[in-house]
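Novice: Pasting the sequence and the predicted model now:
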Amino acid sequence: MSPSIATVVYGVVILALLLLDRDRKSRVSPALWIPVAWLSISASRMVSQWLGVGPAMESPNQLLEGSPLDALIFSGLLAAGLMVLLARRRHAGTFLRGNGPLVVFLLYCAVSVLWSDYPSVAFKRWTKTLGDVVMVLVVLTDPDPSAAVKRLLARSGFLLIPLSILLIKYYPDLGRTYSPWTGTPYNIGVATGKNGLGFVCLIFGLGSLWRVLEALHNAERPRVAGPLIAHGALLAMAGWLFYMADSATSLACFLVGGGLIVVTSRPGLVRNPTTVHFLVGAVLFLALYGLLLNPGAGLVQAMGRDATLTGRTALWNQLLRIPVDPLFGSGYESFWLGDRVEKFWKIFWWHPNQSHNGYLEVYLNLGLTGLALLGLVMAWGYRNIVRAFRRDPEAARLRLAYFVVAAVYNLTEAAFRELHPVWIVFLLAVIVVPEALSREDE
């Protein structure tokens, strides 16, 4: 099949998936397309990269630069999202009171810009984090928030996963790449690296697994046939892409999150919060012990990686020797800039621009204060999720899976950062929108 014909075929497939998943009884606001665009760009490539005009990261100084085109697009989406929230402003105070820990964390991140060596860069990155929160609120303040969450994940997943297969199979110049240092070939699909393709499959694969189980448990069989076919097909595509991406972290997190969704689908197992606590505690303990405390125990090897976690342990040892303010860090998203990143690019041939550990990354940028506030957000968010099992167990299953996945994923990747899909779905899991606000009209 020629690339042009394949493009048409895959376009038809994407359209068919959207039509199969369509629910005429659930109407969502047209404003939902704003967070769909934000999430789709964040999970794939910047628009400047798609157009081939983005800056190439060939020197550390280019980390200070950004694309004016991307800045314009994200500013436009942020402005549009704020306008939507302004139209739903009557319960803004209720939202602030209900999400106090997250508000405090975001405000501290904003204040930390003041002691950054690059305050303008730090502030621009903070506005994108604000944008992540705004997009999640646009979804959760929709007149039908449950349907909005489903549409957000479906629309983005139906676009990015089939498109990844198209690029890998028919446009290898876009869908595959080679390591500039070792020449190793990688499949990247719509992403910029194999780990990026991995978290695309992770996020949207879990969403589709959740929808498949929901359809199987739904008594109204005629209504669920379309979504069952659509999300079953997307789940199969994600499985193939997991194999092509060879991203061990994302695959392991998918198995963890998927297992939680399956287990908590049994009503008798989640009526008692103690059961949920036990499941989450067991998963987090095994991940922490097998990945960090005792990487030689066999868990890492079972994932196809060595005991150094592909060089991560050496990076962590070097990072812990760098002097930063232990209480306040180097400023929001400011550690990997200037002289520090130049030093690490000289030490490590693979040129790291993150710590490959989300908790260590938060410490380096925000210090122990930021780490404590993040812990507060996670504890508060987990409590919200457990309580949600009494009100809306269907949505709580996905929220719990995304929460645990974010906690585990950040043990070997830094994903508590702006524009990262794992961070966005973490926010989707923990944020509380008062019931009155969720019912407000456009």
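Specialist: Received it, and whenever you're ready, just let me know what you need. Numbers count the residues shown, from 1 in each chain.
Novice: Going by contacts, tell me the helices and strands next to the longest helix seen in the chain.
Specialist: In the chain, with assignment by DSSP state H, the single longest helix is helix 358-391. In this structure, helix 358-391 makes packing contacts with helix 100-111, helix 273-288, helix 312-319, helix 393-409, helix 421-430, judged by 3 or more C-beta pairs under 8 Å, 6 or more residues apart in numbering; DSSP states H and E. To be clear about C-beta, it is placed using only N, CA and C from the backbone, and glycine gets the same treatment.
Novice: pretty sure residue 1 contacts residue 170?
Specialist: Yes: Residue 1 is within contact range of residue 170, at 7.4 Å (criterion: C-beta atoms under 8 Å).
Novice: These two: which has the busier surroundings?
Specialist: Set residue 1 next to residue 170 and count neighbours by other C-beta atoms under 10 Å: residue 170 wins out with 18 against 10.
Novice: thinking again about what came up before, residue 226 is nearest to which of the helices and strands packed on helix 358-391?
Specialist: In terms of C-beta to C-beta, the element of these nearest to residue 226 is helix 393-409, at 18.1 Å.
Novice: pLDDT below threshold where in the stretch 51-200 of the chain?
Specialist: For the stretch 51-200 of the chain, the stretches flagged by pLDDT under 70 are 54-63, 65, 91-93, 180-182.
Novice: repeat for the stretch 301-442 of the chain
Specialist: Counting by pLDDT under 70, the ranges of the stretch 301-442 of the chain that qualify are 301-304, 434-442.
Novice: returning to that earlier point: in the longest helix of the chain, which residues are buried?
Specialist: The neighbour-count criterion (16 or more other C-beta atoms under 10 Å) identifies 358-367, 369-371, 373-374, 377-378, 380-382, 384-386, 388-389 as the buried residues of helix 358-391.
Novice: ok, now stretch 133-143?
Specialist: Residues of stretch 133-143 classed as buried under the neighbour-count rule (16+ other C-beta under 10 Å) are 133, 134, 135, 136, 137, 138, 139, 140, 141, 142, 143.
Novice: Mind putting these into a markdown table with distance to residue 84 and secondary structure?
Specialist: Formatted as a markdown table, the buried residues of stretch 133-143 follow (distance: C-beta to C-beta, whole Å; DSSP: H, G, I helix; E, B strand; the rest coil):
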| residue | distance to residue 84 | secondary structure |
| --- | --- | --- |
| 133 | 13 | helix |
| 134 | 8 | helix |
| 135 | 10 | helix |
| 136 | 12 | helix |
| 137 | 9 | helix |
| 138 | 5 | helix |
| 139 | 10 | helix |
| 140 | 12 | helix |
| 141 | 8 | coil |
| 142 | 9 | coil |
| 143 | 12 | coil |
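Novice: Looking at those residues, spot the one nearest residue 432.
Specialist: The shortest gap between residue 432 and any of the buried residues of stretch 133-143 belongs to residue 140, at 8.7 Å (C-beta to C-beta).
Novice: Ignoring the adjacent residues along the chain, who's closest to the closest one?
Specialist: residue 433 (4.3 Å; C-beta to C-beta, 6 or more residues apart in numbering).
Novice: Do me a favour and get the end-to-end distance for stretch 14-28?
Specialist: Using C-alpha to C-alpha, to the nearest Å, the span of stretch 14-28 from its first residue to its last is 20 Å.
Novice: hang on, the earlier thing: same list, the buried residues of stretch 133-143, but as a markdown table with distance to residue 32 please.
Specialist: Formatted as a markdown table, the entries for the buried residues of stretch 133-143 read as follows, by distance: C-beta to C-beta, whole Å:
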| residue | distance to residue 32 |
| --- | --- |
| 133 | 16 |
| 134 | 13 |
| 135 | 10 |
| 136 | 12 |
| 137 | 12 |
| 138 | 7 |
| 139 | 7 |
| 140 | 11 |
| 141 | 11 |
| 142 | 6 |
| 143 | 11 |
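Novice: I'd like to know which of those residues is nearest to residue 33.
Specialist: Scanning the buried residues of stretch 133-143 for proximity to residue 33, where the rule is C-beta to C-beta, the winner is residue 138, at 9.9 Å.
Novice: circling back: hang on, the residue nearest to residue 140 is in a helix, isn't it?
Specialist: No: checked against DSSP: H, G, I helix; E, B strand; the rest coil, residue 433 lies outside a helix; its state is coil.
Novice: That one - how many residues pack around it?
Specialist: Applying other C-beta under 10 Å, we find 21 residues neighbouring residue 433.
Novice: Kindly report the same for residue 288.
Specialist: The burial count assigned to residue 288 is 14, neighbours taken as other C-beta under 10 Å.
Novice: doesn't residue 412 make contact with it?
Specialist: No: counting by C-beta under 8 Å, residue 288 sits too far from residue 412 to count as a contact (11.2 Å).
Novice: can you give me the strands in the chain?
Specialist: When assigned using DSSP state E, the strands of the chain occupy the ranges 176-178, 185-187.
Novice: Pick the most deeply packed of the ones you listed.
Specialist: Mean neighbour counts were compared across the strands of the chain using mean count of other C-beta atoms under 10 Å; the top stretch is strand 185-187, at a mean of 17.
Novice: what sits up against that one?
Specialist: Contacts to strand 185-187, defined as C-beta atoms under 8 Å, 6 or more residues apart in numbering, come from residues 168, 175-179, 193-194, 197, 241, 244-246.
Novice: and if you look at stretch 356-374?
Specialist: If you take C-beta under 8 Å, 6+ apart as the criterion, stretch 356-374 is touched by 101, 104-105, 108-109, 112, 309, 312, 315-316, 319-320, 322, 324-335, 354-355, 409-417.
Novice: if we can go back for a sec, quick one, what contacts the residue nearest to residue 140?
Specialist: Under the criterion of C-beta under 8 Å, 6+ apart, the neighbours of residue 433 are 95, 98, 137, 140, 141, 145.
Novice: Closest to residue 218 out of these?
Specialist: residue 145 (19.0 Å).
Novice: Measure how buried that closest one is and give me the count.
Specialist: 19.
Novice: Skipping its backbone neighbours, what lies nearest residue 84 in space?
Specialist: residue 31 (4.5 Å).
Novice: Report the two of the contacts of residue 433 separated the most.
Specialist: In the contacts of residue 433, two members sit farther apart than any others by C-beta to C-beta. They are 98 and 145, at 14.0 Å.
Novice: Counting neighbours, what do you get for the residue nearest to residue 103 when sequence neighbours are not counted?
Specialist: By the measure of C-beta to C-beta, 6+ apart, the closest residue to residue 103 outside its immediate chain neighbours is residue 96, 5.8 Å from it. A count of nearby residues for residue 96, using other C-beta under 10 Å, gives 11.
Novice: Fine, thanks again, bye for now.
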